[in-house]
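Engineer: Predicted coordinates and the sequence they were generated for:
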2 protein chains.
Amino acid sequence: MVPTVEWKNGAVRLLDQSRLPDKVEFLDCRDYRTVARAIRELRVRGAPAIGVTAAMGVALGAQSLSVTTYEEFAQAVKDICQHLAETRPTAVNLFWALERMQRTLDELRALPISEIMRRLVEESQRILDEDVAMNKAMGRHGAALIHDGQTVLTHCNAGALATAGYGTALGVVRAAWEQGKKIRVLADETRPVLQGARLTAWELMQDGIPVTLITDNMAGALMRQGLIHLCLVGADRIAANGDVANKIGTYSVAVLAKAHGIPFYVAAPYSTIDLKTPSGNQIPIEQRNPQEVTSVLGGPSVAPSGVDVLNPAFDVTPAAYITAIITERGTFKPSELAERFRA
Amino acid sequence: MVPTVEWKNGAVRLLDQSRLPDKVEFLDCRDYRTVARAIRELRVRGAPAIGVTAAMGVALGAQSLSVTTYEEFAQAVKDICQHLAETRPTAVNLFWALERMQRTLDELRALPISEIMRRLVEESQRILDEDVAMNKAMGRHGAALIHDGQTVLTHCNAGALATAGYGTALGVVRAAWEQGKKIRVLADETRPVLQGARLTAWELMQDGIPVTLITDNMAGALMRQGLIHLCLVGADRIAANGDVANKIGTYSVAVLAKAHGIPFYVAAPYSTIDLKTPSGNQIPIEQRNPQEVTSVLGGPSVAPSGVDVLNPAFDVTPAAYITAIITERGTFKPSELAERFRA
């Protein structure tokens, strides 16, 4: 699997996901503004991957500073964090990663600036390495929930491409597959940006895991025919009460799953859980450009010129629809989260 | 409103819906095979429009025959009907219209062939005129179900473009609008062929009726926010028990509506009700080309080359999810259909 994001030759190298599955191309970001733009333009996406990328963006930006005092340095890094924070509002991993970089900066205040610069790069690499390790742990915990012969419905891409590697929801699929279970994935294409068609289908095919692509509106009919045994999605933010913000359409999948008695699982690392947000009602939902809906991937318009459009990038699935949340620390009911993760 | 289908200068003139909303172009079909191909290629679509077009295709094909006996003529017309019947399996209006043309042919056996030819054209025109009249009657019955200030969710296109004019579900919307009710339509884009984006949004904008386009996977989240007051769709076939086959994704909308306590209405003419089919389980579901899913409207592929795809064109919504069915004879509960419409 090609890496989603890495620190390479003094640059942040991103696999340009806006070009997949047609082209495997890399984008070398040599300054933090390019990193921010790449996040905004969905060249890298997926809550954990955004977190890792932003952390590397901070390290990159810090390296380029020419200041003499810690105070100047700290202020400039704060500005860089602020710039990166303004890229996407919903995924909490972004803010979590930026706070962690800030905390590192605070803790190292006694060191020479050149040393702090080096340590910030190390910290961002540590966030990346931990992300992969967490996903593998999540996979171990979650694989028990998928039985031999079952078909898993996914929405959007919560795979290796949404993380530093291995994936959250698809990490669980990978772990079950690696245990020798004969499983199959039905991938919602996930309009408007088609992460399911372009990314989930692609990365599963790369690994030889059977995958069938469907349009988002087919899932209900296939559930009714008994063709889906469980649903497995990622998360962009999980509130303290267990409500989950994830890609638009996740809520519909959850309602359909409940109506058909099918388990609905969310796989996400600790950094996605936002105990400061009491419920899903307080999670900001990003509204994106109407052109994502009126055309497909920047192609010609498929809708009448000037049509009114809604384009929320995410929705909130209330805890009551979620069978369990799979984390690197184990599998929990949404109602248990606040208790388990407090402090 | 431009006519969906008409008999013009000895040809069947179709508004080429595969070119909308970009281009308003007409296709003059001068032989029945061209009519059949146009139906198969979705240049004309929507159950009632397919019925009218097929009837005109029969009249067109019959006109071109050079035979001397009624028996030869009848056999040739039967072959034409058979060819047209093989275009699309799900919409029952197609078979209903072909049977009606056959019945006309039988009844006119005593007349000279040239006179039968003329009468078949007349009969197809009558089917067209009746369709518009039925839609207006449906509109009158259904408009009472939409209240001032409400927002209606539609799926696919059950509008003027799906019929000979005025529309079934959108006919009801039009009638409510013409009564002065300030209503608004949320149109599901309806992947894979985007009839909602290309056709429903277009025809409502032509009439000045407020419409907002959404992707199919947004409907659930918007229902949860209280932004949808009722759902209104068409039908391709209604079984005797009230189960409804309609565009893929209709079932998901119905399940979501029920989960949110939102009424779900189906608008369809008598010719859509198939009392010979006991339940939805017996309705054949057309599987279409995977390329409709892996690319958008024949554009470049959006999915990895060789990916496995499911592409059922329709699904079945069980009667239990349907609040009422609006027909030209009034509004009925699905369970009342068989009783009301039996001969």
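Structural biologist: Now that the structure is in, tell me what you want to look at. Since the model is a prediction, treat every value here as computed from it, not as a measurement.

Engineer: Please count neighbours and contacts with C-alpha atoms only from this point.
Structural biologist: Fine.

Engineer: what's downstream of the regular element (helix or strand) spanning A:Val58, the next helix or strand?
Structural biologist: A:Val58 belongs to helix A:47-63 when assigned by DSSP states H and E. Using DSSP H and E, the helix or strand that follows helix A:47-63 in sequence is helix A:70-85.

Engineer: quick one: that following helix to helix A:47-63, angle?
Structural biologist: Calculated by axes from the mean of the first three to the mean of the last three CA atoms, to 10 degrees, helix A:70-85 forms an angle of 150 degrees with helix A:47-63.

Engineer: list the buried ones in helix A:70-85?
Structural biologist: Neighbour counts over helix A:70-85 (16 or more other CA atoms under 10 Å in any protein chain shown) mark A:Tyr70, A:Phe73, A:Ala74, A:Ala76, A:Val77, A:Lys78, A:Ile80, A:Cys81, A:Leu84, A:Ala85 as buried.

Engineer: chain center to the helix holding A:Val58, what's the gap?
Structural biologist: Offset of helix A:47-63 from its chain centre (CA atoms, centre = their mean, to the nearest Å): 14 Å.

Engineer: Give me the helices and strands touching that helix, please.
Structural biologist: With contacts defined as 3 or more CA pairs under 8 Å, 6 or more residues apart in numbering or on different chains; DSSP states H and E, helix A:47-63 has these neighbours: strand A:5-8, strand A:11-15, helix A:32-40, helix A:70-85, helix A:92-107, helix A:113-142.

Engineer: that older thread, nearest to chain B among the buried residues of helix A:70-85?
Structural biologist: Taking CA to the nearest CA as the measure, chain B sits nearest to A:Ala85 out of the buried residues of helix A:70-85, at 25.8 Å.

Engineer: show me what contacts the closest one?
Structural biologist: A:Leu94, A:Phe95, A:Leu98 (CA atoms under 8 Å, 6 or more residues apart in numbering or on different chains).

Engineer: For those residues, which entry has the maximal number of neighbours?
Structural biologist: Counting neighbours by other CA atoms under 10 Å in any protein chain shown, A:Leu94 leads these with 28 neighbours.

Engineer: That one and A:Ala85: what is the separation?
Structural biologist: Distance of A:Leu94 to A:Ala85, given as CA to CA, to the nearest Å: 7 Å.

Engineer: For A:Ala343, report the pLDDT, please.
Structural biologist: The model reports A:Ala343 with a pLDDT of 53.

Engineer: domain ranges for chain A?
Structural biologist: The record's domain parsing of chain A by automatic domain parsing lists A:5-136, A:144-341.

Engineer: what's the most buried one of those domains?
Structural biologist: domain A:144-341 (a mean of 22; mean count of other CA atoms under 10 Å in any protein chain shown).

Engineer: A:Ile262 in helix, strand or coil?
Structural biologist: Look at A:Ile262: counting by DSSP: H, G, I helix; E, B strand; the rest coil, its state is coil.

Engineer: what's near enough to touch it?
Structural biologist: Each residue near A:Ile262 by CA under 8 Å, 6+ apart is listed here: A:Ile228, A:His229, A:Leu230, A:Cys231.

Engineer: cool, A:Asn135 as well?
Structural biologist: Residues in contact with A:Asn135 (CA under 8 Å, 6+ apart) are A:Gly165, A:Tyr166, A:Gly167, A:Thr168, A:Gly171, A:Pro269, A:Glu328.

Engineer: would a markdown table of these with pLDDT and secondary structure be doable?
Structural biologist: Shown next, in a markdown table, are these (pLDDT from 0 to 100; DSSP: H, G, I helix; E, B strand; the rest coil):
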| residue | pLDDT | secondary structure |
| --- | --- | --- |
| A:Gly165 | 96 | coil |
| A:Tyr166 | 97 | coil |
| A:Gly167 | 97 | coil |
| A:Thr168 | 98 | coil |
| A:Gly171 | 98 | helix |
| A:Pro269 | 94 | coil |
| A:Glu328 | 96 | coil |
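
Engineer: Select, from these, the two members most distant in space.
Structural biologist: Based on CA to CA, the longest span within these runs between A:Gly165 and A:Glu328 and measures 14.2 Å.

Engineer: which bits of the stretch 51-200 of chain A sit near chain B?
Structural biologist: With CA under 8 Å from any CA of the partner chain as the criterion, the stretch 51-200 of chain A comes near chain B at residues A:Thr190, A:Arg191, A:Pro192, A:Leu194, A:Ala197, A:Arg198.

Engineer: Tell me which residue of the stretch 1-150 of chain A lies closest to chain B.
Structural biologist: Using CA to the nearest CA, the single residue of the stretch 1-150 of chain A nearest to chain B is A:Pro21, 5.5 Å away.

Engineer: Helix or strand for that residue, just tell me which one.
Structural biologist: Counting by DSSP H and E, no helix or strand carries A:Pro21.

Engineer: contacting residues for it?
Structural biologist: With contact taken as CA under 8 Å, 6+ apart, A:Pro21 is in contact with A:Arg198, A:Leu199, A:Trp202, B:Val302, B:Ala303, B:Pro304.

Engineer: which of these lies closest to B:Leu42?
Structural biologist: Closest approach between the contacts of A:Pro21 and B:Leu42, by CA to CA: B:Val302, at 21.2 Å.

Engineer: give me every residue that touches that closest one.
Structural biologist: For B:Val302, the contacting residues are A:Pro21, A:Leu194, A:Ala197, A:Arg198, B:Thr294, B:Ser295, B:Val296, by CA under 8 Å, 6+ apart.
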